[in-house]
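Visitor: sequence and predicted structure are below.
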Amino acid sequence: DARSAGKAAHEAAKAERVKVITDALGIDAATLEAKRKAGQSLAAIAGDKKDALIAALVAFESKQIDAAVASGKLSAERATALKSKLTAGITAMVNNEAKIDNAFKGFGKKGHGRGGR
């Protein structure tokens, strides 16, 4: 059903995001998860690679937004608005000022994509 497909797409995007993070930092997913569970921010884990991590995540999320526009799930106007907040949102997430799933609220109604729940 549509809900299962949406959840699967969300999980796939999350896995891709984790890969972007681990590739940028040169660590594996298990190490990332262990450090996050220990309370470390992505900035602390990244150390001197923080700027590279932010750039990699901005590029990844920008591609996600472009894909949503191409598939008709997001208007060009909304994409422009989201992209204007992208660097600030990702920087806040990396600095542990925002949770990874909350850094991009506002995609659709009530932050839940199309249809809002």
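Guide: Received the coordinates, thanks.

Visitor: regarding this structure, what is its longest helix?
Guide: helix 2-25 (DSSP state H).

Visitor: by contact count, what packs against whatever helix or strand comes next after that one?
Guide: For helix 2-25, the succeeding helix or strand toward the C-terminus, using DSSP states H and E, is helix 29-37. The contact analysis (3 or more C-beta pairs under 8 Å, 6 or more residues apart in numbering; DSSP states H and E) places helix 29-37 against helix 2-25, helix 42-46. To be clear about C-beta, it is placed using only N, CA and C from the backbone, and glycine gets the same treatment.

Visitor: which parts of the longest helix of the chain are buried?
Guide: By neighbour count on 16 or more other C-beta atoms under 10 Å, the buried set for helix 2-25 is 17, 20-22, 24-25.

Visitor: circling back: so for A55, which of the helices and strands packed on helix 29-37 sits nearest?
Guide: Among the helices and strands packed on helix 29-37, the nearest to A55 by C-beta to C-beta is helix 2-25 (8.1 Å).

Visitor: which other helices and strands does that closest one contact?
Guide: Judged by 3+ C-beta pairs under 8 Å, 6+ apart, the packing partners of helix 2-25 are helix 29-37, helix 42-46, helix 50-70.

Visitor: from the rest of the structure, what touches the longest one?
Guide: Which is helix 50-70. With C-beta atoms under 8 Å, 6 or more residues apart in numbering as the test, helix 50-70 has contacts from 13, 16-17, 20-21, 23-25, 42-43, 46, 74-76, 79, 82-83, 86-87, 90-91, 93-94, 104, 107.

Visitor: recalculate using a threshold of 6 Å.
Guide: With contact meaning C-beta atoms under 6 Å, 6 or more residues apart in numbering, helix 50-70 is reached by 20, 24, 43, 46, 74, 76, 79, 82, 86-87, 90-91, 94.
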